[in-house]
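Asks: Pasted the sequence and its predicted model underneath.
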Amino acid sequence: MKHNYSSPLILSLLTLGAIVSSCSRQSYQTTIAQQKQPLIVFVSARDGDYSIYSMKQDGSDVTRLTDPSTACVLQQCFDTYPTACRNTIAFSSDRTGRFQIYTVSITGTSLAQLTDTPNADLDAPDYSHDCNSIVYTQAVSYHRQLYITNTTTGAVTQVTNDDGSGACCGKFSPDDTTIAYIHDPFPGASPLPSSEAPMSIYTISPDGSNKQWLCNTSDIVPPLSWSPDGKTIVFLTASPATGHLQVFSMPVDCSTPPKGLSNPDFDAFDPAFSPDGKYIAYVSTQYGNERIFLMNADGSNSFDITNDVHLNDQPTWQKDILLPVP
């Protein structure tokens, strides 16, 4: 059947429909743009246990996302090391006795256990930026290695096979082609081989190839964080001036020496680049307890965003903010 759209009334209705549709799309797109602002996900003891929370970049809208299981009622359990991609958070928890990897939605629903490795503890997960993989540390006794789990198929791949106490705390590069991690080759050995040093930063491909020692680093404290352009890594090590742990930045190509960013008069922990590369969230003991601070990527303009007297640490930012928050 052939339709005739020449009627003025039909044309008016079509025009009105186009306007409504356009306004609806613009409103939806505005909402999506507002929701693309990444949340900071972190651990806090503000309610008496160690649970996962989220907040906006300015520290507002603090929301508790995990609750202890019934097995944790009579004993202290820990939800730690959150990592967020799109609307899902992965974290480590010992709510069933041993640390395993769990996932929960960004709204605190749909809690699920991702791994079940009865003879090992799993922690320090990190999402790939495409959200398809999670790298984590698997520890058997005191020996640690990096593994990757595919979030869709559940397939598990061993990434490292390092000597000494092994490898820990892997972080995907922004293009997901490289993992930076910390390796302690021979704890307590003296003298150390000239080719390695304790607690050094290494890079490796997700398939376990192309392992490299980065910039002759040593005495690094996890975790690490990549800048969004993949050119810089921030990490923790002792300040030469005060001995306190300090956030340092270093170009991945080793073209310049590491630069101290945080205040060396106080211990700092858990640095994490924002997705736009403008800020670094980190933990400081400046006010006595561990609080989450925000500073510019060059170390300037540092300020407390948690303003809470309880422990607040392990900040991370949502990756790949493509979907609206339910």
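Replies: Received it, and whenever you're ready, just let me know what you need. Numbering: from 1, shown residues only.
Asks: In CSV, list the C-alpha atoms belonging to stretch 283-302.
Replies: Taking Å, rounded to 0.1, in the frame of the first residue of the first chain, the C-alpha atoms of stretch 283-302 are listed here in CSV:
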residue,chain,number,x,y,z
VAL,A,283,45.6,7.7,50.6
SER,A,284,47.4,9.9,53.1
THR,A,285,48.0,9.8,56.8
GLN,A,286,48.2,13.6,57.0
TYR,A,287,45.3,13.7,59.5
GLY,A,288,46.3,10.7,61.5
ASN,A,289,44.0,8.1,60.0
GLU,A,290,44.1,6.9,56.4
ARG,A,291,42.0,9.2,54.2
ILE,A,292,41.6,9.4,50.5
PHE,A,293,43.0,12.5,48.9
LEU,A,294,42.9,13.9,45.4
MET,A,295,45.7,15.8,43.7
ASN,A,296,46.5,17.1,40.3
ALA,A,297,48.6,14.7,38.2
ASP,A,298,51.7,17.0,38.8
GLY,A,299,51.3,16.7,42.6
SER,A,300,49.7,20.1,43.1
ASN,A,301,46.5,21.0,44.9
SER,A,302,46.2,18.0,47.2
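Asks: Go through that stretch and flag the buried ones.
Replies: Across stretch 283-302, burial judged by 16 or more other CB atoms under 10 Å covers 283-286, 289-295, 297, 299, 302. C-beta coordinates here come from the backbone N, C-alpha and C atoms, glycine included.
Asks: Ok, stretch 223-232 next?
Replies: Within stretch 223-232, the residues scored as buried using 16+ other CB under 10 Å are Pro223, Leu224, Ser225, Trp226, Ser227, Pro228, Thr232.
Asks: Take the buried residues of stretch 283-302 and write them to JSON lines, including pLDDT and distance to Gln212.
Replies: Formatted as JSON lines, these follow (pLDDT from 0 to 100; distance: CB to CB, whole Å):
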{"residue": "Val283", "pLDDT": "97", "distance to Gln212": "29"}
{"residue": "Ser284", "pLDDT": "97", "distance to Gln212": "31"}
{"residue": "Thr285", "pLDDT": "96", "distance to Gln212": "33"}
{"residue": "Gln286", "pLDDT": "95", "distance to Gln212": "35"}
{"residue": "Asn289", "pLDDT": "92", "distance to Gln212": "38"}
{"residue": "Glu290", "pLDDT": "95", "distance to Gln212": "33"}
{"residue": "Arg291", "pLDDT": "96", "distance to Gln212": "35"}
{"residue": "Ile292", "pLDDT": "97", "distance to Gln212": "32"}
{"residue": "Phe293", "pLDDT": "97", "distance to Gln212": "32"}
{"residue": "Leu294", "pLDDT": "97", "distance to Gln212": "32"}
{"residue": "Met295", "pLDDT": "98", "distance to Gln212": "29"}
{"residue": "Ala297", "pLDDT": "97", "distance to Gln212": "25"}
{"residue": "Gly299", "pLDDT": "97", "distance to Gln212": "27"}
{"residue": "Ser302", "pLDDT": "96", "distance to Gln212": "32"}
